[in-house]
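In: Okay, structure incoming, though there's no sequence with it:
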Ligand SMILES: [Zn+2]
């Protein structure tokens, strides 16, 4: 690659790395990647950004830039996404009285999937299964689902980057499924459940008013969020059979999509206990699905990770802060809080669990006041985490909450927690029986 061909890549790197790396170094790195490693320009840029970007936050900055789907927040104004097209359709819409063609579908990378819409004619024939760089895109959050948009400032380019989508079962057969068993990638699925809530929202899509219908539905195996662009006249409390829906996940949480081919019929409600909507699962099951709403698991605490104990939060945005400095709000007077980051194992797998103050106080018996007192007496907060570890390690807990997945695996945001008291006598009796049975 000649020098002038390097210029746009160099400019992009400078933009992403915000001048943290000098031009000479970037040119040298580009040269090594392109000419010695013989990788594509995209791969070279990613490699360089990974190397020089600031680790944990990745290479995401306020200005721009390349993000993984799983890292999108739905508020990006100018972001680049390199992903594979999983599903694509060309549609005609009427915008400001004129007919126009748009391209929409589903994009995926290793971290998740998101819907996309290209609002301007790019002259590009977007192919299913191919990878593209979506440049200068903007994102929206609709129904907790990320939508990637290419407007008149954006562009779409074919990319030679290899993108490995997570292995998912992809079924094209019409199949009846329980809500608790729904998985990413399922198509033509039939579910029967009670509508728990209905929300109608009018949104503006590029100057065109659109109505979206969404809510929660549940059967006796679990709860799922549904969404539809068409009005199926769903009513709270009624039980419906939905045919030909498809499942897409957001951060591992399966969501039921009622597309154009969907059929809805009313059926007799035979469900009893679904108000609670909690699904009991093993961690192994949840790992294979990727996530879920109101999942309950029981396991043993095997680790209390860094970031547990007494923490400080920004009073504006509630983000945890270090050194009284919020990434979004600068210097702040932080408020103290308690949190635990646990690793819970049930023998079928392990899951990360984020435990809020309320549940932390209940499980550990250490209140925020007590923690503050302890920290003050010792001159630092370390002791709080250590005391919590003493109480929590190897404790059996039942935790309930929503589970999401990212590159580090599944994580539960714990809403409800309790200690599972093991009945030692009964356990010992069972063990004895087992031993005697083996003799
Ligand atoms: Zn803040």
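Out: Perfect, thanks for sending it. Here the structure is a predicted model, which means the values were calculated and not measured.
In: mind checking how far the one helix or strand residue 301 maps to is from the chain centre?
Out: Secondary structure assignment for residue 301, by DSSP states H and E: strand 292-304. Here strand 292-304 shows a centroid-to-chain-centroid distance of 17 Å under the convention C-alpha atoms, centre = their mean, to the nearest Å.
In: Stretch 386-401 too?
Out: Distance of stretch 386-401 from the chain centroid (C-alpha atoms, centre = their mean) equals 25 Å.
In: do the same with stretch 230-246
Out: 25 Å.
In: for it, how far is the first residue from the last?
Out: 15 Å (C-alpha to C-alpha, to the nearest Å).
In: With stretch 209-228 instead?
Out: First-to-last distance for stretch 209-228 - C-alpha to C-alpha - comes to 15 Å.
In: Could you give me the buried positions within that stretch?
Out: 212-228 (16 or more other C-beta atoms under 10 Å). All C-beta atoms are positioned from the backbone trio N, CA, C, and that covers glycine.
In: Mind checking which of those are in strands?
Out: 212-219, 222-228 (DSSP state E).
In: So which of these is the closest to the ion?
Out: residue 225 (27.9 Å; C-beta to the ion).
In: which parts of this structure sit against the ion?
Out: When proximity is defined by C-beta under 5 Å from the ion, the chain lies next to the ion at 314, 316, 317, 326, 328, 329.
In: need the contact list for the fifth one.
Out: Contacts for residue 328 were tallied using C-beta atoms under 8 Å, 6 or more residues apart in numbering; they are 314, 316, 317, 319.
In: Now the third one. Nearest residue, chain neighbours left out?
Out: What it means is residue 317. Spatial nearest neighbour of residue 317, chain neighbours left out: residue 328 (5.6 Å); criterion: C-beta to C-beta, 6 or more residues apart in numbering.
In: host element of that neighbour?
Out: Counting by DSSP H and E, residue 328 is found in no helix or strand.
In: before we move on, what about residue 39?
Out: Going by DSSP H and E, residue 39 is not in any helix or strand.
In: which outside residues touch stretch 402-410?
Out: 68, 70, 110-112, 251-253, 283, 286-287, 290-295, 350-352, 411-413, 415.
In: so residue 154 makes contact with residue 135?
Out: Yes - counting by C-beta atoms under 8 Å, residue 154 touches residue 135, with 6.0 Å between them.
In: how about the helices in the stretch 201-350 of the chain?
Out: Taking DSSP state H, counting those that start in this stretch, the helices of the stretch 201-350 of the chain run over residues 283-289.
In: got any ranges where it has weak pLDDT?
Out: Scanning the stretch 201-350 of the chain for pLDDT under 70 picks out 275-277.
In: ranges for the strands of it?
Out: Assigned by DSSP state E, counting those that start in this stretch, the strands in the stretch 201-350 of the chain fall at 208-219, 222-228, 239-250, 253-258, 263-266, 279-280, 292-304, 309-313, 325-326, 330-331, 335-345, 350-355.
In: longest single strand anywhere in this protein?
Out: strand 79-95.
In: So which elements touch that one?
Out: Secondary-structure packing of strand 79-95 (3 or more C-beta pairs under 8 Å, 6 or more residues apart in numbering; DSSP states H and E): strand 98-109, strand 131-142, strand 208-219.
In: please redo it, this time with the cut-off set to 6 Å
Out: Contact here means 3 or more C-beta pairs under 6 Å, 6 or more residues apart in numbering; DSSP states H and E; on that basis strand 79-95 packs against strand 98-109, strand 131-142.
In: okay, the angle between that strand and strand 239-250?
Out: When axes from the mean of the first three to the mean of the last three C-alpha atoms, to 10 degrees is applied, the directions of strand 79-95 and strand 239-250 differ by 140 degrees.
In: Off-centre distance for strand 79-95?
Out: 20 Å.
In: Now that strand: buried residues?
Out: 79, 80, 81, 82, 83, 84, 85, 86, 87, 88, 93.
In: for stretch 164-177, what is the average pLDDT?
Out: Mean pLDDT, stretch 164-177: 60.
In: shift numbering so it begins at 51
Out: New numbering, starting at 51: the last item is stretch 214-227.
In: Quick one: end-to-end distance for it.
Out: Using C-alpha to C-alpha, the two ends of stretch 214-227 sit 27 Å apart.
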